[in-house]
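*Asks:* generate coordinates for the sequence data below:
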Amino acid sequence: MVAETLSTTSMTKQPSQPHGGGLLCCAYGTYEVAANVEAGDIFEMCKIPPGSTIVGGMFYCDDLDTGTEALDLDVGWAANGNEDADPDGLGNYGVLTGDVLAAGNLSNVAGLIYPFMGEFANGDLPTFTAETTIQVVANAPAGTFTAGAMSVVVYYVVD
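*Replies:* Purely as a prediction, here's the structure:
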């Protein structure tokens, strides 16, 4: 099969534009993963408006790989015409494990809860001058795939 780009229903909505600088906004998207991913698959999760600075966020996911873990998903953004794409700018988590409290996973039950890392680990808050798509990129498929949901929640301000 060929890698593909898949979109959540959140992608059809206009990103929230606050009325005043410094107000915290939230964008989110959930995708029900029904079949094992392929390297290169892109899941378009949500959009943020021009002038956004991401101040935090989370990646949530069912345990999509229940055998010997091989699933590798990154969270980042697509190119927007002004800023370049950075497929792991919000999180390069390596091979994901749904095991309880394993390798950066904050979940105390089977599943995944990861805070955004990427640029944040450098002390930077990513800022965008154009509407930007937040995405999950598959680097490697699951060893033993199990269907489930993945969600991205993005906290941002617009100056």
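*Asks:* helices of the protein, start to end?
*Replies:* Under the criterion DSSP state H, the chain carries no helices.
*Asks:* below-threshold pLDDT in it: ranges please.
*Replies:* Along the chain, segments meeting pLDDT under 70 span 1, 10-14, 16-20, 99-103.
*Asks:* contacting residues for the residue most central in space within the chain?
*Replies:* Centroid check for the chain by CA atoms, centre = their mean gives V75 as the closest residue, at 3.7 Å. Going by CB atoms under 8 Å, 6 or more residues apart in numbering, V75 touches 57, 59, 88-91, 93, 116, 118, 134-137, 152. Heads up, the C-betas are built off the backbone N, CA and C, glycines and all.
*Asks:* quick check: buried residues in stretch 24-43?
*Replies:* Neighbour-count burial for stretch 24-43, counted by 16 or more other CB atoms under 10 Å, picks out C25, A27, Y28, G29, T30, Y31, V33, N36, V37, D41, I42, F43.
*Asks:* looks like the first one contacts V153 (just checking).
*Replies:* No. Applying CB atoms under 8 Å as the test, C25 and V153 come out as separate, 11.2 Å apart.
*Asks:* if T30 is in a bridge, with which residues?
*Replies:* S151 (DSSP bridges).
*Asks:* distance of F120 relative to G91?
*Replies:* F120 sits 9 Å away from G91, going by CB to CB, to the nearest Å.
*Asks:* now swap in D63 and tell me
*Replies:* 17 Å.
*Asks:* which one of those two has more residues nearby?
*Replies:* G91 (24 against 20; other CB atoms under 10 Å).
*Asks:* contacts only, for the more buried one.
*Replies:* Per CB under 8 Å, 6+ apart, neighbours of G91: F59, D74, V75, G76, Y114, F116, M117, G118.
*Asks:* run through the bridge partners of it.
*Replies:* Bridge pairing for G91 - DSSP bridges - gives V75.
*Asks:* I'd like the distance between it and G111.
*Replies:* In terms of CB to CB, G91 sits 16 Å off from G111.
*Asks:* just M58 next, same as before
*Replies:* Taken as CB to CB, the span from M58 to G111 is 12 Å.
*Asks:* what's the closest non-adjacent residue to G22?
*Replies:* Leaving aside its chain neighbours, G22 sits nearest to V157 (5.7 Å; criterion: CB to CB, 6 or more residues apart in numbering).
*Asks:* just give the number of residues close to the one you found.
*Replies:* So V157, with other CB under 10 Å, has 18 neighbours.
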